[in-house]
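In: mind folding the following:
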Amino acid sequence: MSIFSNHPYLSLAILGGAAVILISSCASSSRHSYKSAPYQTSRSDGKFEIREYPATPVVQTANDTDNSSFMRLFRYIGGANEKQEKISMTTPVLMQDGKMQFVLPEDKKANPPAPSADQVKLATLPARKVAVYQYSGSNSRSNETAALQKLKTWLAAQKLAYKDEPTVAYYDGPFTLPAMRRNEVMLPLTR
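Out: Prediction:
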């Protein structure tokens, strides 16, 4: 007689746990199927990096407390634009200055279609040099604040000056287990 026949709920728990792990690993590996915003790393120190980003075209909207910001941008890339054209999803999703932003893919950078919704706008982030701290966990204000503090502490130890204008970058969707998510907080460096 096996342990599973004595404890039928144990076998269900094990199967359920295996399913969650499988789904999460597929979800986190899906980030690798998306193109990411290009950058050059000039320095790396564990979870900290110094990066240089070129000018980066984005589509953006005001960041609301519910899921409506993401859905407005998702509708834009799904065809809610002047050309009714589908646009590839990219990573990361950026949060800065009260806005949510999707990076436009390379093939749309030169001539992106205008958004259909008034709340959705096209913009270009200027070329910039940033310090980055990578962390995992859920998308929460407390995790973002803790990550930002770690980045500021590291920058102080490195004697690097920065503007206190943070950007948070999310690389994974909500179905990825928090421990498997890639999140980043960035601060622009002053030259």
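In: need the strands for this structure, in chain order.
Out: 35-36, 40-45, 48-53, 56-62, 90-91, 93-96, 99-103, 121-125, 128-135, 167-170, 183-188 (DSSP state E).
In: domain-wise, how is this protein divided?
Out: As assigned by automatic domain parsing, the chain contains the domains 26-51+127-188, 59-90+101-120.
In: identify the bridge partners of the most centrally placed residue in the chain.
Out: Taking C-alpha atoms, centre = their mean, the centroid of the chain lies closest to residue 170, which sits 1.7 Å from it. Note on residue 170: beta-bridge partners by DSSP bridges are residue 93, residue 183.
In: my guess is it contacts residue 100. True?
Out: No. With contact defined as C-beta atoms under 8 Å, residue 170 and residue 100 do not form a contacting pair (9.6 Å). From N, CA and C alone the C-beta is placed, and that goes for glycine too.
In: about what we covered before: quick one: closest of the strands of the chain to residue 110.
Out: strand 56-62 (8.5 Å; C-beta to C-beta).
In: the closest one pairs with which strands?
Out: strand 99-103 (antiparallel), strand 121-125 (antiparallel).
In: got any ranges where this protein has weak pLDDT?
Out: 1-33 (pLDDT under 70).
In: tabulate the strands paired with strand 56-62 (CSV), appending mean neighbour count.
Out: Shown next, in CSV, are the strands paired with strand 56-62 (neighbours: other C-beta atoms under 10 Å):
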stretch, mean neighbour count
strand 99-103, 22
strand 121-125, 15
